Structures are given as C-alpha cells and as structure tokens.
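1. Output the structure for:
(chains A and B)
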Amino acid sequence: MGFAPGKPPPPMPPNQAPVAAQIPAQHGDEGPTLRKPGAMNEPFYLLRELPVGNDLTGNTNLITHYNLEHAYNKFCGKKVKEKLSNFLPELPGMIDCPGAQDGSSLRSLIEKNPVCGNSFSPLTGALLTGFRLHTGPLPEQYRLMHIQPPKKKSKHKHRHHRPQDPLPPETPSDSDPKKKKKKRDDDPDRKKKKKDKKKKKNRHSPDHPGLPGSQTNSNSLR
Amino acid sequence: MAEKFDNLEEHLEKFVENIRQLGIIVSDFQPSSQTGLNQKLNFMITGLQDIEKCRQQLHDINVPLEVFEYIDQGRNPQLYTKECLERALAKNEQVKGKIDTLTKFKSLLISELGKVFPEEMAKYKAIHGDDPPS
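-> Modelled structure (predicted):
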C-alpha cells in the first residue's frame, strides 16, 4: 500500500460548516478561547481575541501614580546615612555592630519565638530579694550598656604643615567659599600648633642665622 | 495612624531610658541603690505592660522581613526604602522601554505586512478593527 503525494483539500462550500466547528469550546487547557466557528473559514484560523487592556501598565510613571514623589525625593534625592545610629541617634549602646555577634538579632527573634501568653506581673518583695547585688563596680567586660561610640563631628583631615613654611599666597582657586571656610576653621588650630612647635624648637634647637624662616621665628618671639 | 506609632515610640523610649538607668545603677552598685533598683525593675515590668497594650492597635501593620536584615547588619532601614524605590523606578523604566519597542515593532510589522499582503491585512483590520496605538 503506497501513499500518493499529498494534495490540498478541496475548498469547502461556504454553507457547510466544518465538523470540527461543531465540537463545543473547551476551556481550561487551551488558554484564550478560539474564535467563533463561522470565522474559522477565514484565512486566519488561529486568530485569537486580543487580551483585555489594562489601564495601569509600565507605560505609566508608577511613582507619580501612587503619589510617592515626596517619598522618592526624601529618600533618593538626599543622601541617606549608612549607619543604624544615624537613624536612632538617641538609642544607647553600640547599635552599629551586627546583631549576630551578641545574639541580639531580629532574625533570631523570628526563628526562635520567645515565650508569649504570660502576663506581666510586678515583682513582689520576696521576688525582689533575688535582685540583691554585691557592692562595687562591674567587671570591664560587662560595662557596655551606656558606652556610646564616639561621635565624629568633623571629618578627619590630615594637614601636615611645617611651621617654618610661610602661608601660601591666595590663588584664584582659593577664592572658593569652601576652601576659605576650611582655612578659617583651621586658623586657630594652626596658630596653636605653630606656637607650640615654635616654643619647642626654640628651647631645643639652636637658630640658624642663614635661614630666613628662623629669623622671622626668632623675631616673632621677641 | 501616626498617633499609634507615636504612642508606641514614646513607651519604647521610656523603656529604653529606664533600662539605661538600670544599667548605670548596676555598673557601680551601692547598698543605698537597692530601693532605686527595685523601682527600676518594676518600671521595666510596667513598661512591658504598656508596650503589650500598644500591640492591639498595630496588629494590621506588616513589616517586610528584608528590613530586619538591614537592622541586624547595623544599617539604616531607610536604605531599604530607598533601594525599593530605586528598583521600582528602574523596573518601571525597563518595562516602559519594552512597551515602546514592541509598539513600534507592531506598527512597523503591520505596515510592512500591508505592503506584502494587502488583501489579508485588510481582512485582518476588518476583524480587529483599527487597533489604536497602545
């Protein structure tokens, strides 16, 4: 038995509906329902209905849609400080350390639920006798509660200036207000450091007559 | 809504302050401090009672677990909010780009198909109507 090469089926008369069209539409597995049976004669035999349009798509700016512009400018416009102590400045103790180090993590609170359901009742006289402590200071390793990390008000600036060097003349770049501010801030500190170093040098080292700087130093003391 | 947070915040601040003072008393204990210590211990218990009362007002508040990761690492939880907003905006822009690209592709495809298959495209437009550019 052999097979002849395939021939295209003859065109169906328009009145005769195909058998397949009489099968009721099956829902569930096939996704969107197929088009009307009468349209299956059209050249687009797999044409499906377009999905229902959604008003809210990625085309809309969702930040504006949900009125989050203020929040966006607040958190993303300005620099948010990294440490937890910047968020909770009044909280005592070393809170910037990871919670896993001293067992104070919130994750451990979720994983190992504490005992709940009991009521909080005040301690009676008999129970308070358990809180009679020895007099004297605590050992060093337990003295952590009220210790605050040192608050760095100003950034660490290393400026090594030799007291013999004269102050540099003002350049056009020094006309920036920021640089001027830095110089103003450092001036009282600079003066103090210079004075201290001058005093030490004059006590311990002989003056060199050839150096112009030393002459000015010696003159300033007089 | 802000009031219930303020209430809880106030109770927590008082509680923390009480604990801090308790720590100071204990760090260098004297016999005369015993009464003060007992008082602070009872304040601690009443503080916990007050915080427990606040719980009922906040039963519908949900906190994302990812924030806990930030706090456990000693980082500012506002960074989580910032990163959420930045990610949302980035994703929004990415999806908008895809929508724009696919819209352009659709209009280009329809126009080219219309040149190659004018009759079929006319039938397609008759079935679907003239789709407005989405």
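2. Can you tell me how far the residue nearest to residue B:78 when sequence neighbours are not counted is from residue B:80?
-> Sequence neighbours aside, residue A:80 is the residue nearest to residue B:78 in space, at 5.0 Å (criterion: CB to CB, 6 or more residues apart in numbering or on different chains). All C-beta spots, glycine's among them, are computed from the backbone N, C-alpha and C. Separation of residue A:80 from residue B:80 (CB to CB, to the nearest Å): 10 Å.
3. Residue of chain A nearest chain B, please.
-> The nearest approach of chain A to chain B comes at residue A:58, 2.8 Å away (CB to the nearest CB).
4. so who does the residue lying closest to that residue once chain neighbours are set aside touch?
-> Counting by CB to CB, 6+ apart, residue A:58 lies nearest to residue B:95, which is 2.8 Å off, once chain neighbours are set aside. Applying CB atoms under 8 Å, 6 or more residues apart in numbering or on different chains, we find residue B:95 in contact with A:57, A:58, A:59.
5. Is stretch B:18-26 in proximity to chain A?
-> Yes - applying CB under 8 Å from any CB of the partner chain, one finds stretch B:18-26 touching chain A at B:19, B:20, B:23, B:24, B:26.
6. From the residues you listed, pick the one nearest residue A:122.
-> residue B:19 (16.7 Å; CB to CB).
7. wait, the closest one sits on residue B:44?
-> Yes - the criterion here is CB atoms under 8 Å, and residue B:19 meets it with residue B:44 at 6.7 Å.
8. Using just helix, strand and coil, how would you label residue B:63?
-> The three-state label given to residue B:63 by DSSP: H, G, I helix; E, B strand; the rest coil is coil.
9. How many residues are close by it?
-> 10 (other CB atoms under 10 Å in any protein chain shown).
10. cool, residue B:120 as well?
-> 14.
11. just checking, it touches residue A:43?
-> Yes - with contacts counted by CB under 8 Å, residue B:120 reaches residue A:43, the gap being 6.0 Å.
12. re earlier: redo the contacts of residue B:95 as a markdown table? Include pLDDT and distance to residue B:75.
-> Formatted as a markdown table, these follow (pLDDT from 0 to 100; distance: CB to CB, whole Å):
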| residue | pLDDT | distance to residue B:75 |
| --- | --- | --- |
| A:57 | 90 | 34 |
| A:58 | 90 | 30 |
| A:59 | 91 | 34 |
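13. Sort out which of the residues you listed are buried, if you could.
-> Buried members of those, scored by 16 or more other CB atoms under 10 Å in any protein chain shown, are A:58, A:59.
14. Tabulate the contacts of residue B:95 (TSV), appending secondary structure.
-> Converted to TSV, the contacts of residue B:95 look like this (three-state DSSP):
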residue	secondary structure
A:57	coil
A:58	coil
A:59	coil
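15. Packing partners of the helix or strand containing residue B:70?
-> Here residue B:70 sits within helix B:65-72, counting by DSSP states H and E. Judged by 3 or more CB pairs under 8 Å, 6 or more residues apart in numbering or on different chains; DSSP states H and E, helix B:65-72 is in contact with helix A:106-111, helix B:78-116.
16. Next, format those helices as a markdown table and append mean pLDDT.
-> Output for the helices and strands packed on helix B:65-72, formatted as a markdown table (pLDDT from 0 to 100):
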| stretch | mean pLDDT |
| --- | --- |
| helix A:106-111 | 86 |
| helix B:78-116 | 95 |
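17. re the thing from before, residues contacting the residue nearest to residue B:78?
-> B:76, B:78, B:79, B:82.
18. same question, residue B:37
-> Contacts of residue B:37 (CB under 8 Å, 6+ apart): A:131, A:133, B:22, B:25, B:26, B:29.
19. what do you get if the cut-off is 7 Å, keeping everything else the same?
-> By CB atoms under 7 Å, 6 or more residues apart in numbering or on different chains, residue B:37 lies in contact with A:131, B:25.
20. Please, which helix or strand holds it?
-> Per DSSP H and E, residue B:37 falls inside helix B:34-54.
21. Would you mind listing the buried residues in stretch B:82-92?
-> Neighbour counts using 16+ other CB under 10 Å place B:82, B:85, B:89, B:92 of stretch B:82-92 among the buried residues.
22. Same question for stretch A:59-73.
-> Applying a neighbour-count criterion of 16+ other CB under 10 Å, one finds A:59, A:62, A:63, A:68, A:72 buried in stretch A:59-73.
23. Out of these, list just those in helices.
-> Mapping the buried residues of stretch A:59-73 onto helices (DSSP state H) picks out A:62, A:63, A:72.
24. restrict the residues you listed to contacts with chain B.
-> Counting by CB under 7 Å from any CB of the partner chain, A:62, A:63, A:72 from these sit close to chain B.
25. mind putting the residues you listed in CSV, pLDDT included?
-> Listed next are those as CSV, based on pLDDT from 0 to 100:
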residue, pLDDT
A:62, 93
A:63, 93
A:72, 94
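26. List just the nearest of the residues you listed to residue B:33.
-> Closest approach between those and residue B:33, by CB to CB: residue A:72, at 51.2 Å.
27. which residues touch the closest one?
-> Counting by CB under 7 Å, 6+ apart, residue A:72 makes contact with A:63, B:85.
28. pLDDT wise, what is residue A:47 at?
-> Per-residue confidence (pLDDT) for residue A:47: 80.
29. Tell me where the model's unsure across chain A.
-> The model of chain A has pLDDT under 70 over residues A:1-42, A:144-189, A:191-192, A:199-222.
30. Work out the gap between stretch B:55-74 and the centre of the chain.
-> Per CA atoms, centre = their mean, to the nearest Å, the displacement of stretch B:55-74 from the mean C-alpha position of its chain is 9 Å.
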